[in-house]
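Q: Have a look at this fold, sequence not included:
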């Protein structure tokens, strides 16, 4: 099985539909912490819907259009990173992340996202990786900064969530600029 040591008892591993029960238990712990930022957190509330979320990423991976990886801390799923909105013509995609409160303060997202981005550039030939986050999600924009991304602008009122329209910051790094963070 593929896994990457992130240090301190943390590992980055594939997150697949057969792990939906573990994913659901994680979402139940994480939902209130991540729901404002990750749209599928509130849609992954049963074993069926958790499986559906993971199956969507498995289908994207099979088409070469995305991927989802989990972060395990001491063998407990605490978060993850994903690549999606993969444009194979433009060789560009978006990456995102989520983390339950128990995993915060350890640099896990920066390490995991750095590994994913490095793979996208070196193995998949992606030329541009974007990171979108709401302006009030300071933790997320701080990760983008640590990854060496540049803030390219803010899309106004482009993200409807729970009856409210939100702005989205767009951060990006290009393959020639990429320096894998330590």
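A: On my side now, so go ahead. These numbers come from a predicted model, not from an experiment. Residues are numbered from 1 along each chain as shown.
Q: Strands of this structure, start to end?
A: Assigned by DSSP state E, the strands in the chain fall at 4-7, 10-14, 67-73, 76-87, 92-99, 128-133, 150-161, 164-174.
Q: where does the protein have low pLDDT?
A: 1, 182 (pLDDT under 70).
Q: Now render the strands of the chain as JSON lines, adding mean neighbour count and distance to residue 116.
A: (Glycine included, C-beta is placed from N, CA and C.) Formatted as JSON lines, these follow (neighbours: other C-beta atoms under 10 Å; distance: least, C-beta to C-beta, whole Å):
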{"stretch": "strand 4-7", "mean neighbour count": "14", "distance to residue 116": "10"}
{"stretch": "strand 10-14", "mean neighbour count": "18", "distance to residue 116": "8"}
{"stretch": "strand 67-73", "mean neighbour count": "23", "distance to residue 116": "6"}
{"stretch": "strand 76-87", "mean neighbour count": "21", "distance to residue 116": "5"}
{"stretch": "strand 92-99", "mean neighbour count": "23", "distance to residue 116": "6"}
{"stretch": "strand 128-133", "mean neighbour count": "21", "distance to residue 116": "9"}
{"stretch": "strand 150-161", "mean neighbour count": "12", "distance to residue 116": "18"}
{"stretch": "strand 164-174", "mean neighbour count": "16", "distance to residue 116": "12"}
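Q: Export these as CSV, with columns for distance to residue 32.
A: Formatted as CSV, the strands of the chain follow (distance: least, C-beta to C-beta, whole Å):
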stretch, distance to residue 32
strand 4-7, 24
strand 10-14, 22
strand 67-73, 19
strand 76-87, 14
strand 92-99, 12
strand 128-133, 18
strand 150-161, 15
strand 164-174, 17
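Q: So what's the residue count around residue 135?
A: 12 (other C-beta atoms under 10 Å).
Q: can I assume it is in contact with residue 169?
A: Yes: taking contacts as C-beta atoms under 8 Å, residue 135 lies within contact range of residue 169: 5.5 Å.
Q: Centre of the chain to stretch 18-33, how far?
A: 15 Å (C-alpha atoms, centre = their mean, to the nearest Å).
Q: mind listing what's buried in it?
A: The neighbour-count check on stretch 18-33 (16 or more other C-beta atoms under 10 Å) flags 19, 20, 23, 24, 26, 27, 29, 30, 33 as buried.
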